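Trainee: Here's my sequence, what's the structure:
(one chain, ligands or ions: 1)
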Amino acid sequence: MLKISNVTRRFGSKVAVDKVDIVIPAGQMVGIIGRSGAGKSTLLRMINRLIDVSEGTIAFDGLEVSALSGQKLRDWQRDCAMIFQQFNLVPRLDVITNVMLGRLNRRSTIQSLLKIFSQEEQLLALKALERLDIAQTAMQRAGTLSGGQQQRVAIARALMQEPKILLADEPIASLDPRNAQVVMDSLRDINRNDGITVITNLHTLDTARNYCERIIGMQGGCVVFDGSPDELTTDVARRIYGADGLEEAFSEAMTSTSLDPVKKARRKRKEAADVVAANQLGAAGVSLPN
Ligand SMILES: Nc1ncnc2c1ncn2[C@@H]1O[C@H](COP(=O)(O)OP(=O)(O)OP(=O)(O)O)[C@@H](O)[C@H]1O
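Mentor: This next block holds a predicted model:
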């Protein structure tokens, strides 16, 4: 069980997340929705400790993760895998090596630096790729794959961590509708078949409705809705997105490339932060050049 208690995050005078209280039981598939800037990414980043909380606590099965440091923090980041909008693979490395990088948190620094993987790890990586139906790409350079395939590789890499919880920060925002569906199907399959808790930020409402048993709506850093897809009426959607945001909320065609210039600028800053975050997480302190 993940327990987020009275959590606030400030950036200077800006309150990005404001006194959030949520309990997520093991095995739930949760969608977090809201307009750009609502605080969704900040919340996910605090859960896996890419950033610290300003106030409040986050606990997982009784362990206060918001207070961890050193090896215990790295252990938590292994148990709490994260995937990003921009996939964050190492493009010049082949797919199977990218997937095996998901084991870095379980290895010594020397093994990691030399990228020496056991036969067992190679088999595990192949199994993960098979499961995501992309085993045929194992020897290709990751940078040559389509966006949808790259996101599936990123999910396979997350599975190599054998996580207890999987966070996904707008995993389909850069994908076309067909690939978006394949990626969301994969997340649902992992949730249902492996019992892994999945918490995903989503831009569009219908995707959240179709895939998530519980939807959390954020607005201005606060949770303004927490309920089932059935309870998410148009009135509630208006509260989350504002009257002028409803079209964006319902548009499945909306991707980061169709956002207005201000949102695009924010997105760019976020993508840069994602790359840093992925190195921080995946490599457990071992930075991998692209
Ligand atoms: N590193 C940072 N420094 C300063 N302000 C930040 C930082 N990260 C986020 N913010 C601000 O905090 C607020 C919440 O941002 P956040 O990225 O969590 O929103 P979001 O709901 O994930 O938006 P999006 O859908 O665009 O990703 C925004 O006003 C954002 O500009």
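
Trainee: hey, let's count contacts and neighbours off CA atoms from now on
Mentor: Will do.

Trainee: could you pull out the strands for the protein?
Mentor: 2-11, 14-24, 29-33, 55-60, 63-64, 80-83, 165-169, 197-201, 214-219, 222-227 (DSSP state E).

Trainee: Just put these in CSV and tack on mean neighbour count.
Mentor: Output for the strands of the chain, formatted as CSV (neighbours: other Cα atoms under 10 Å):
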stretch, mean neighbour count
strand 2-11, 18
strand 14-24, 18
strand 29-33, 26
strand 55-60, 19
strand 63-64, 14
strand 80-83, 25
strand 165-169, 24
strand 197-201, 27
strand 214-219, 25
strand 222-227, 18
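
Trainee: List just the one of the ones you listed that sits closest to residue 151.
Mentor: strand 80-83 (8.1 Å; Cα to Cα).

Trainee: what does that closest one contact?
Mentor: 48, 154-155, 158-159, 161, 163-169, 171 (Cα atoms under 8 Å, 6 or more residues apart in numbering).

Trainee: Including pLDDT and distance to residue 129, could these go into JSON lines?
Mentor: Below are the contacts of strand 80-83 laid out as JSON lines (pLDDT from 0 to 100; distance: Cα to Cα, whole Å):
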{"residue": "48", "pLDDT": "94", "distance to residue 129": "24"}
{"residue": "154", "pLDDT": "96", "distance to residue 129": "10"}
{"residue": "155", "pLDDT": "96", "distance to residue 129": "9"}
{"residue": "158", "pLDDT": "95", "distance to residue 129": "11"}
{"residue": "159", "pLDDT": "95", "distance to residue 129": "10"}
{"residue": "161", "pLDDT": "93", "distance to residue 129": "14"}
{"residue": "163", "pLDDT": "96", "distance to residue 129": "16"}
{"residue": "164", "pLDDT": "96", "distance to residue 129": "19"}
{"residue": "165", "pLDDT": "97", "distance to residue 129": "19"}
{"residue": "166", "pLDDT": "97", "distance to residue 129": "17"}
{"residue": "167", "pLDDT": "98", "distance to residue 129": "19"}
{"residue": "168", "pLDDT": "97", "distance to residue 129": "18"}
{"residue": "169", "pLDDT": "96", "distance to residue 129": "21"}
{"residue": "171", "pLDDT": "96", "distance to residue 129": "18"}
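
Trainee: out of those, who's nearest the ligand?
Mentor: residue 169 (7.9 Å; Cα to the nearest ligand atom).

Trainee: circling back to that earlier point, ok, so of the contacts of strand 80-83, who is nearest residue 197?
Mentor: Once Cα to Cα is applied, the member of these that ends up nearest residue 197 is residue 165, at 4.7 Å.

Trainee: can you list the residues of the stretch 1-150 of the chain near the ligand?
Mentor: Contact residues (Cα under 6 Å from any ligand atom) of the stretch 1-150 of the chain with the ligand: 11, 16, 35, 36, 37, 38, 39, 40, 41, 42.

Trainee: right, and residue 85 touches residue 180 too?
Mentor: No: counting by Cα atoms under 8 Å, residue 85 does not reach residue 180; the two are 11.2 Å apart.

Trainee: intersection of neighbour lists for those two?
Mentor: 172, 173.

Trainee: so how many other residues sit close to the closest residue to residue 220 other than its chain neighbours?
Mentor: Nearest residue to residue 220, sequence neighbours excluded (Cα to Cα, 6 or more residues apart in numbering): residue 38, at 4.8 Å. Counted with other Cα atoms under 10 Å, residues neighbouring residue 38 total 21.

Trainee: Please apply the same query to the one 5 residues further on.
Mentor: Look at residue 43: counted by other Cα under 10 Å, it has 25 neighbours.

Trainee: Please name the nearest non-neighbouring residue to it.
Mentor: With Cα to Cα, 6+ apart, the residue lying closest to residue 43 is residue 17, at 6.7 Å.

Trainee: per-residue pLDDT, that neighbour?
Mentor: Note for residue 17: predicted pLDDT of 98.

Trainee: Was I right to think it contacts residue 37?
Mentor: No: contact between residue 17 and residue 37 fails when scored by Cα under 8 Å: they sit 9.9 Å apart.
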